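Undergrad: starting from these lines, generate the structure:
(chains A and B)
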Protein chains: 2
Amino acid sequence: MSDRPIGVFDSGLGGLTVLKEITKILPNENIIYFGDTARVPYGPRSKETVMKYTFQAINFLMSKNVKAIVIACNTATARSLKEANEKYNIPIIGVIEAGARTAAYSTRNKIVGVIGTEGTVRSKAYNLEIGKLDKDIKIIDKACSLFVPIVEEGWSNTEIASLTAKKYLEELIEEGIDSLVLGCTHYPLLKRTIGEVVGENIKLVNPAKETAKDLKDILEKSNLVKITRNDKSSYEYYVSDIPERFASIAEEFLKKEIQDVKSVEIQKY
Amino acid sequence: MSDRPIGVFDSGLGGLTVLKEITKILPNENIIYFGDTARVPYGPRSKETVMKYTFQAINFLMSKNVKAIVIACNTATARSLKEANEKYNIPIIGVIEAGARTAAYSTRNKIVGVIGTEGTVRSKAYNLEIGKLDKDIKIIDKACSLFVPIVEEGWSNTEIASLTAKKYLEELIEEGIDSLVLGCTHYPLLKRTIGEVVGENIKLVNPAKETAKDLKDILEKSNLVKITRNDKSSYEYYVSDIPERFASIAEEFLKKEIQDVKSVEIQKY
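TA: Numbers count the residues shown, from 1 in each chain, chains lettered A, B, ... in the order given. Modelled structure (predicted):
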């Protein structure tokens, strides 16, 4: 059982930041990644549609015999994590809870910033989750529409990125936030630039990292951690459509080349 | 007949640049605008889906008794203009032909640049249309993914816009283009910034402007131009979903406030 792979799913390629964090703290595990690149973005779609797409992704990963699944997509987590856990009998975790918990526990002045895509910010998913833990925390949220294309162009550490971060985050700094949730799976790539703009007194919360820690806990508690052997861990990548700039974007996320990306007809699952 | 309104349709709000050009050269006309904001963007969707959406938009505009329709959307033009003209019996024009023609006739060194969204650039729609007119023209195209969010944030005349334009257009300038097609309905708002970056020796081709001229020609030839009277021309705006930042984005495009935007359930048409 513990030799089976872990499944990681995102609407696109952003979830690769979550995969990267998992490989850091669970280096022996085999991982199967699925990016629903043909139907990205999920943000503007209805709850019903997102649930259907999420179940198809889970069905596909289950067909690969995974032992646990990480929904590395903010929209899919917000709209279908609960239903997925009711429907399937393997551990399934999302990216919102761990990030929200870390923010709630790390803030001292109870003013937390949340940045994400317009869809995530409008969904108020982090606000709800943080509010459950501590209703006195004030949340200042902000949609940062330029950040995803900046990351995908490979411009994360340019003057353009820095000026854009200043423009978006000025208001949050003025409001006195002491923690900032990077509420989009693309944003960890902007960590250095954002860190320089907000300064070292504002703690950056990376939900990808916290989610990987949660996954490790769950696997340990369920005796599902892969026993170390001499065989190298394997990573397989599946997408529903191969975007033109797939290789360059994936490299940007993982800082290594991805070989052998396979295509999957996801609507069949 | 000539008193009937003109219909303008786009997947979102970018088509408002086309509406604006029409109001400049046909100031007496009444216009009905429909933006399919619930299903934007069309770029990643199949030809079949885009055709279905386009026909629904046309059916809606026909129900408002329009005398002619402008498909002010590059994707919808590329994937369904021909079929729309076969299906309906009022004049329907798109945004690609007029821009391509102007570029083909204005270039002297036969090196033309085309910029647009990733979807438009990948579709090669401008390349095909320019190639039909003069197969010796060399086309250098480039997807500029940051331009749409920059326009929608209202940052068209900022340092961020200028640095971004430099980064995208450097290569096209080096290749020696003497004409540059602004192949996305959002880009006319970046005209000043792009103009400063490329310099005055490169002619900017604005398909919105050229399409408005084509529309005027067609109305004149068909005796459909509205006869000037004392009544003020009216503009009605319909969208399939009201985006949060609708008012600010629309104002950015039209440089005036839009009042009374109506919602339409487009899937019923």
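Undergrad: when you work out contacts or count neighbours from here on, use the C-alpha atoms and nothing else.
TA: Will do.
Undergrad: near chain B, which residues of chain A?
TA: Residues of chain A lying near chain B by CA under 8 Å from any CA of the partner chain: A:38-39, A:44, A:145-146, A:149-150, A:160, A:163-164.
Undergrad: where along chain A do the helices fall?
TA: A:16-25, A:47-63, A:74-87, A:96-106, A:118-123, A:125-133, A:147-152, A:159-174, A:191-198, A:207-221, A:246-254 (DSSP state H).
Undergrad: of all those, which one is nearest residue B:193?
TA: helix A:159-174 (15.0 Å; CA to CA).
Undergrad: would you mind extracting the C-alpha trace of the one helix or strand in chain A whose mean pLDDT sits lowest into CSV?
TA: Lowest on mean pLDDT, DSSP states H and E among the helices and strands of chain A sits helix A:246-254, with a mean of 83. Only the C-alpha atoms of helix A:246-254 are listed here, as CSV (Å, rounded to 0.1, in the frame of the first residue of the first chain):
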residue,chain,number,x,y,z
PHE,A,246,4.6,24.0,-21.6
ALA,A,247,8.3,23.1,-21.3
SER,A,248,9.4,26.6,-20.5
ILE,A,249,6.7,27.2,-17.9
ALA,A,250,7.2,23.8,-16.2
GLU,A,251,11.0,24.4,-16.1
GLU,A,252,10.3,27.8,-14.5
PHE,A,253,8.3,26.1,-11.7
LEU,A,254,10.5,23.1,-11.0
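Undergrad: re earlier: redo the residues of chain A next to chain B as CSV? Include pLDDT, neighbour count and distance to residue B:87.
TA: Below are those laid out as CSV (pLDDT from 0 to 100; neighbours: other CA atoms under 10 Å in any protein chain shown; distance: CA to CA, whole Å):
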residue, pLDDT, neighbour count, distance to residue B:87
A:38, 82, 17, 29
A:39, 82, 16, 29
A:44, 70, 17, 30
A:145, 92, 20, 38
A:146, 96, 21, 39
A:149, 92, 17, 38
A:150, 95, 23, 41
A:160, 98, 19, 46
A:163, 98, 15, 49
A:164, 98, 22, 46
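Undergrad: and of those, the nearest to residue B:192?
TA: Looking across the residues of chain A next to chain B and measuring by CA to CA, the closest to residue B:192 is residue A:160, at 18.7 Å.
Undergrad: is the closest one in contact with residue B:160, as I believe?
TA: Yes: Residue A:160 is in contact with residue B:160 according to CA atoms under 8 Å; the separation is 5.8 Å.
Undergrad: now residue A:79: closest residue in space, sequence neighbours ignored.
TA: Nearest residue to residue A:79, sequence neighbours excluded (CA to CA, 6 or more residues apart in numbering or on different chains): residue A:47, at 5.6 Å.
Undergrad: do you know how far the residue lying closest to residue A:54 once chain neighbours are set aside is from chain B?
TA: Leaving aside its sequence neighbours, residue A:54 sits nearest to residue A:76 (CA to CA, 6+ apart; 6.5 Å). Distance of residue A:76 to chain B, given as CA to the nearest CA, to the nearest Å: 18 Å.
Undergrad: what about residue A:76, how many residues close to it?
TA: The local packing of residue A:76 (other CA atoms under 10 Å in any protein chain shown) involves 26 other residues.
Undergrad: which ones are touching it?
TA: A:10-11, A:42, A:50-51, A:54 (CA atoms under 8 Å, 6 or more residues apart in numbering or on different chains).
Undergrad: got it, and residue A:210?
TA: Per CA under 8 Å, 6+ apart, neighbours of residue A:210: A:98-99, A:102.
Undergrad: now neighbour count too, for those residues, in CSV please.
TA: Shown next, in CSV, are those (neighbours: other CA atoms under 10 Å in any protein chain shown):
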residue, neighbour count
A:98, 23
A:99, 23
A:102, 17
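Undergrad: and the pLDDT for the residue nearest to residue A:79?
TA: Residue A:47 carries a pLDDT value of 81.
Undergrad: likewise residue A:245?
TA: You'll see residue A:245 listed with a pLDDT of 69.
Undergrad: on that earlier part again, list the helices and strands the least confident helix or strand of chain A packs on?
TA: Under the contact definition 3 or more CA pairs under 8 Å, 6 or more residues apart in numbering or on different chains; DSSP states H and E, helix A:246-254 sits against helix A:16-25, helix A:147-152.
Undergrad: residues of it that come out buried?
TA: For helix A:246-254, a neighbour-count test (16 or more other CA atoms under 10 Å in any protein chain shown) marks A:246, A:248-250, A:252-253 as buried.
Undergrad: now do stretch A:215-222
TA: Neighbour-count burial for stretch A:215-222 flags A:215-216, A:218-219 (criterion: 16+ other CA under 10 Å).
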